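**Q** show me the folded form of this:
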Amino acid sequence: MQHNVIEAISTNALSLTLAFLAVFVLAWLRSRRVSFGSRVMIALGLGLVTGMILHQTQASYDSLKTFGQMFVNLIKMIVMPLVVAAVISGITSLAQPEQLKRIGGLTIGLFLITTGLGAAIGVIVALLIHPGSGVNLSLPSDFKAREIPTFWQVLLDLWPLNPIDDMAKGKVVPAIIFALFFALAMVGLERKNPDQVASVKNFVQSFANIMYEVTKSVIRLTPYGVFMLIAAMSASYGWETLLPLMKVIIATYGALAVHFLIVFIPMIIFLNRVQPLVFLRKIYPMMIVAFTTRSSYAVLPINIEIMVKRLKIPENIASFVASLGTAMNYNGCGGVWPAVVAIFAAEAYGIPLNWTDDILIVFVATISSIGVAGVPGPASISTTVVLTALGLPLEALGLVLAVDALVDMGRTLINRTGDPIIALFIARREGQFDEKAFYEPDDEALTSTMSAGS
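**A** Below is the predicted model of the structure:
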């Protein structure tokens, strides 16, 4: 055993030394309060340089592959308990407000529909651009190719049989469906006898909060995981295989732009029945904050304020839709991004997908957006759920995380732009939209603008 350890260290001396230096730099940057996105981008650069050095010297990089796989395994570890707990706690907590009976179902339905459309657009744009073509990655040694099932078999496989067994086998969709049934049963029983479900509800909420903290801990390791994965990949394949990651950025922003033009603009025109340019001019401060901060929670104060002061939406509807949207409305993170990454992974690893897989991407992305409500790093979790459901290698997620900061600006902008659009529709439907005031000049200053980015 001692001999094996010494041999492993000696053969990986260069890779371990470079990894230690990179980890030290990334840790120092964190101590200097350098932003998370910047550290991920720096990790990408360090990984590229390290990988090129190892590739040119033909030095062993087994240590980097091992540490990178450990990071991937941590992501796998949190998915199932996190999603199940989040779905149950999210639905049971949303079922309490009186507003949910009147507008909650419609609001959530619109969130899911627009997310599903985002996933469909992501699939179509990615199939046109082919973000994974030319990458030609080798499949992990433990990867097993799936047999392509019939449509009816796909439908049957999505349905839960034994929830414990489904969760143990990593079947995400059946676990989510079981969680939906469980949550709805809790809601129904709570109306009859709240005491009977109080202890279970408190336990689920506490467990979900604990899983959120676990998730935060894993997400904090992303710069280090990105470094290990990128370094190992570039050491194995060289610089030429990393250039196609630019296609992932192009495909993502292309799909986000299409979503904005063919989903949001028609909603403004036909559902809200207001002039799009006037609407966009009123909400543009929120869009700028969303794009620059890349934080939905930072956007929430100015989002509500713009809805009330500029769009003339009643505060109760604005607060409800904006708050719920911050937790559940992820057209970019939960719709477009997982679809693009799934197509990238399939093409990069040479795994064929058929039209039933494309439908499955849209379906899983849509329902998994419920499961990541309020979860740190929703894009990563949603993408993990989609890749797991399709049986695609999760290593692909580690690779695209390197460009996550670049695409997250556009994703967050799309995520939050949907909130005021849906809130205005709800207000008009409820007869509480003041259209005359909407077209009046905006005299009131926005007080949230200065603090939104902090």
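
**Q** what mean pLDDT does the strand or helix carrying Val340 have?
**A** Per DSSP states H and E: Val340 is located in helix 337-348. Regarding helix 337-348, the rounded mean pLDDT is 93.

**Q** again, but for stretch 249-256
**A** In the prediction, stretch 249-256 has an average pLDDT of 95.

**Q** buried ones in it?
**A** Using 16 or more other Cβ atoms under 10 Å as the test for burial, stretch 249-256 gives Ile249, Ala251, Thr252, Tyr253, Gly254, Ala255, Leu256. For the C-beta atoms, the positions are set from N, CA and C on the backbone; glycine is no exception.

**Q** who touches the first one in this structure?
**A** Think Ile249. Val403, Leu406, Val407 (Cβ atoms under 8 Å, 6 or more residues apart in numbering).

**Q** so which of the residues you listed wins on neighbours?
**A** Within the contacts of Ile249, most neighbours by other Cβ atoms under 10 Å means Val407, with 25 neighbours.

**Q** so that one is in contact with Trp337, correct?
**A** Yes - judged on Cβ atoms under 8 Å, Val407 makes contact with Trp337 at a distance of 6.9 Å.

**Q** give the residues shared as contacts by the two.
**A** Between them, Val407 and Trp337 share the contacting residues Thr252, judged by Cβ under 8 Å, 6+ apart.

**Q** list the buried ones in stretch 309-321?
**A** Lys309, Arg310, Leu311, Lys312, Ile313, Pro314, Ile317, Ala318, Ser319, Phe320, Val321.

**Q** average pLDDT for it?
**A** 85.

**Q** okay, how far is it across that stretch, tip to tip?
**A** 15 Å (Cα to Cα, to the nearest Å).

**Q** roughly how far is that stretch from the heart of the chain?
**A** 26 Å (Cα atoms, centre = their mean, to the nearest Å).

**Q** what are the contacting residues of that stretch?
**A** With Cβ under 8 Å, 6+ apart as the criterion, stretch 309-321 contacts 97, 99, 103-104, 107, 279, 282-283, 304, 307-308, 419-420, 422-424, 426-427, 430, 432-435, 437-438, 442, 444, 446.

**Q** from those, which land in helices?
**A** 99, 107, 279, 282-283, 304, 307-308, 419-420, 422-424, 426-427, 435, 437-438 (DSSP state H).

**Q** ok, Pro57 touching Leu14?
**A** Careful, residue 57 is Thr; it's not Pro. Yes - counting by Cβ under 8 Å, Thr57 does reach Leu14; the two are 6.8 Å apart.

**Q** filter the contacts of stretch 309-321 down to the buried ones.
**A** 99, 103-104, 107, 279, 282-283, 304, 307-308, 419-420, 422-424, 426-427, 433, 438, 446.

**Q** just give me the neighbour total for Gly47.
**A** Neighbour tally, Gly47, other Cβ under 10 Å: 30.

**Q** with adjacent residues omitted, what lies nearest to it?
**A** Leaving aside its chain neighbours, Gly47 sits nearest to Ile230 (3.1 Å; criterion: Cβ to Cβ, 6 or more residues apart in numbering).

**Q** in the helix or strand harbouring the one you found, what's buried?
**A** If you go by DSSP H and E, Ile230 is part of helix 222-237. For helix 222-237, a neighbour-count test (16+ other Cβ under 10 Å) marks 222-237 as buried.
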